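Novice: Quick check, what structure comes out for this input:
(one chain, ligands or ions: 3)
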Amino acid sequence: MSIQITKLDSTLADFQKSLDTLLAFEAGTDDAIERAVTGILADVKARGDAAVLEYTNRFDRIPDGGAASMAAFDIGQDELQAALAAIPAAQRDALNVAAQRIRVFHERQKQELNGFTYTEADGTILGQKVTPLDRVGIYVPGGKAAYPSSVLMNAIPAHVAGVQEIIMVVPTPDGVKNQMVLAAAAIAGVTRVITIGGAQAVAALAHGTETIQPVDKIVGPGNAYVAAAKRRVFGIVGIDMIAGPSEILVICDGTTDPDWVAMDLFSQAEHDELAQAIMLCPDADYIARVEASIEKLLPTMPRQDTIRTSLTDRGALVKVRDLDEACAIANSIAAEHLEISAENPQQWADKIRHAGAMFLGRFSSESLGDYCCGPNHVLPTSRTARFSSPLGVYDFQKRSSIIHVSEAGAQTLGKIAAELAYGEGLQAHARSAELRLNTPAEPR
Ligand SMILES: NC(=O)c1ccc[n+]([C@@H]2O[C@H](COP(=O)([O-])OP(=O)(O)OC[C@H]3O[C@@H](n4cnc5c(N)ncnc54)[C@H](O)[C@@H]3O)[C@@H](O)[C@H]2O)c1
Ligand SMILES: N[C@H](CO)Cc1c[nH]c[nH+]1
Ligand SMILES: [Zn+2]
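Specialist: Numbers count the residues shown, from 1 in each chain. Ligands and ions are numbered 1, 2, ... in the order given. Predicted coordinates:
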């Protein structure tokens with residue numbers, strides 16, 4: 001069955017409109033999903049564990065009539081270690097190497113984020129103290145596929161930041177626990193694993209229940225229900241970002257093997273029917289070759305229905321005037337993943353301002369970044385890369401300002417503060433500063 005992937009041409013008058021239509025998707029804004037999530041959040045807040053239990057039994061199709069109590073969803077450290085010991089050695093080795101590379105990258109990130117202090121001539125000390133969050137919830141998606149790599153990507157930066165308690169939630173559809181997910185949790189040092197998912201898990205982490213203590217922040221990707229729930233609990237807890245369905249944008253100069261590019265597009269399309277996969281290229285012949293590769297390779301793919309829907313609904317092959325224009329379009333799309341599959345990729349990367357992660361050169365397939373390069377794979381989607389960043393150590397830390405004013409400093413700063421406070425009509429502020437002056441000023 002041939003695939004109808006959208007073809008756009010940037011030289012045509014209706015190009016921008018067609019592109020906007022293709023991109024018009026916002027995670028967590030579907031009305032029906034919003035209504036369902038609002039109900040679930042309120043119910044879990046009101047009824048706690050009983051509601052989480054009911055929703056989990058129903059949405060995750062827990063067998064044998066469902067679990068009788070929340071205890072059934074808790075996975076102890078023994079079970080995590082047993083899973084680590086039981087998985088094939090090749091999987092264990094791959095997880096360990098990936099974990100180590102992710103740790104090294106995030107340790108480097110932590111060094112960049114250290115606090116600082118400096119002392120002024122009059123002895124006043126100013127600075128910034130960085131402290132980890134106490135307790136975080138990490139959401140690991142598990143509805144359509146299991147993601148051991150997402151366990152590592154969420155938990156390792158939390159660990160590196162110094163978070164003491166990492167509570168992981170992950171749904172187990174049909175009650176099936178993925179052993180690699182449990183093994184990854186053992187490697188990443190997760191404190192507690194609870195096999196619940198969706199909006200009910202987000203609600204439990206945010207509000208707390210009889211058996212789950214509320215966390216300070218919830219991080220991690222998920223489907224539209226998870227995204228909508230995170231949006232709604234923001235303020236009660238912190239959230240990292242809304243990381244929704246995956247996206248890939250490939251800028252290609254037309255010299256990469258077209259099979260490579262086709263498979264790179266598939267790699268994100270296979271996540272979700274709502275995933276987005278787009279290629280920008282100035283060479284019409286090459287675009288036709290990529291299309292032929294898509295046709296050739298799709299029947300070989302196990303998840304071809306998902307890929308087909310994703311490419312049909314949210315995929316595109318775009319003919320651009322040149323790579324400069326490709327970079328401008330890439331900035332407006334602000335994709336989660338941007339591959340620059342071209343000679344001298346750095347010259348084009350210099351022109352990119354908005355992308356969750358950039359993969360430079362034809363050997364940097366996005367799939368390597370998903371698993372083991374080291375940088376985080378939890379990335380902003382739905383054009384939010386314009387204002388947000390990959391999940392990182394900074395998401396698990398906060399900053400406190402340090403202000404230690406000397407007596408001499410209080411003389412200079414007191415006069416300035418008082419002047420500004422009177423200007424704002426705030427007497428107490430002004431007097432508080434003036435009382436510390438060696439030569440007290442008369443109240444104004
Ligand atoms: N950005 C990233 O780093 C990243 C990484 C991995 C996966 N992803 C994305 O995460 C998403 C994972 O989605 P998923 O569905 O596989 O797993 P998920 O864990 O996000 O969602 C499964 C849960 O959704 C809830 N749900 C499903 N249907 C429902 C309904 N009708 N009503 C109420 N709740 C319902 C259930 O509670 C279920 O447990 C995909 O879009 C994938 O592309 C992103
Ligand atoms: N590409 C996903 C982020 O959009 C992450 C992932 C996990 N496993 C495979 N891929
Ligand atoms: Zn992926």
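Novice: quick one: Pro282 and Arg321, what's the gap?
Specialist: Distance from Pro282 to Arg321, counting by CB to CB, to the nearest Å: 6 Å. To be clear about C-beta, it is placed using only N, CA and C from the backbone, and glycine gets the same treatment.
Novice: for Ala430, helix, strand, or coil?
Specialist: State at Ala430, reduced to three classes by DSSP: H, G, I helix; E, B strand; the rest coil: helix.
Novice: Contacts only, for it.
Specialist: Ala417, Ala418, Ala421, Tyr422, Pro443, Arg444 (CB atoms under 8 Å, 6 or more residues apart in numbering).
Novice: what are the phi and psi values for the closest residue to Phe59 other than its chain neighbours?
Specialist: Spatial nearest neighbour of Phe59, chain neighbours left out: Gly198 (5.5 Å); criterion: CB to CB, 6 or more residues apart in numbering. Main-chain torsions, Gly198, degrees, to the nearest 10: phi 70, psi -160.
Novice: Then Ala186?
Specialist: Main-chain dihedrals, Ala186, degrees, to the nearest 10: phi -70, psi -50.
Novice: wouldn't it be in contact with Leu84 here?
Specialist: Yes: the pair Ala186 and Leu84 passes the contact test of CB atoms under 8 Å, sitting 4.2 Å apart.
Novice: Tell me who's in contact with the residue nearest the centre of the chain.
Specialist: Nearest to the geometric centre of the chain sits Val378, at 3.4 Å (CA atoms, centre = their mean). If you count contacts by CB under 8 Å, 6+ apart, Val378 has them with Ser150, Met153, Asn154, Val219, Gly220, Pro221, Asp240, Met241, Ala243, Pro390, Leu391.
Novice: Report the secondary structure state of it.
Specialist: Val378 is classified as coil under three-state DSSP.
Novice: Now for the nearest residue to Arg101 once chain neighbours are set aside, how many residues are close by?
Specialist: With sequence-adjacent residues excluded and distances taken as CB to CB, 6+ apart, Arg101 is closest to Gly374, at 4.3 Å. Neighbourhood size, Gly374 [other CB atoms under 10 Å]: 17.
Novice: And for Ala186?
Specialist: Ala186, neighbours per other CB under 10 Å, totals 21.
Novice: mind listing what the closest residue to ligand 2 within the stretch 151-300 of the chain touches?
Specialist: Going by CB to the nearest ligand atom, ligand 2 is nearest to Ser246 of the stretch 151-300 of the chain, at 3.4 Å. Each residue near Ser246 by CB under 8 Å, 6+ apart is listed here: Gln268, His271, Asp272, Ala275, Gln276, Glu336, His337, Thr381.
Novice: Tell me who's in contact with the third one.
Specialist: So the one you mean is Asp272. Asp272 sits in contact with Lys144, Asn223, Pro245, Ser246, Thr306, Ser310, where contact means CB under 8 Å, 6+ apart.
Novice: What of the fifth one?
Specialist: Contacts here follow CB under 8 Å, 6+ apart; on that basis Gln276 touches Leu23, Phe25, Pro245, Ser246, Glu247, Ile248, Gln268, Ser310, Arg314, Gly315, Ala335.
Novice: one step back: the residue nearest to the centre of the chain and Ala243: what is the separation?
Specialist: Taking CB to CB, one finds Val378 at 5 Å from Ala243.
Novice: So which bits of this protein are right by ligand 1?
Specialist: Residues of the chain lying near ligand 1 by CB under 6 Å from any ligand atom: 36, 59-60, 141-145, 147, 150, 171, 197-199, 221-223, 225-226, 243, 245-246, 271-272, 275, 377-379, 381.
Novice: Thr38 reaches Val233, doesn't it?
Specialist: No: with contact defined as CB under 8 Å, Thr38 does not reach Val233; the gap is 11.3 Å.
Novice: Neighbour count: the two, which is higher?
Specialist: Ranked by neighbour count (other CB under 10 Å), Thr38 and Val233 place Val233 first, with 21 against 14.
Novice: Can you give me the neighbour number for Lys177?
Specialist: 15.
Novice: sec struct for it, please.
Specialist: Going by three-state DSSP: Lys177 is coil.
Novice: Model confidence for the residue nearest to it when sequence neighbours are not counted, exactly?
Specialist: Distance criterion CB to CB, 6+ apart; nearest residue to Lys177, sequence neighbours excluded, is Thr195 at 6.5 Å. Note on Thr195: pLDDT of 98.
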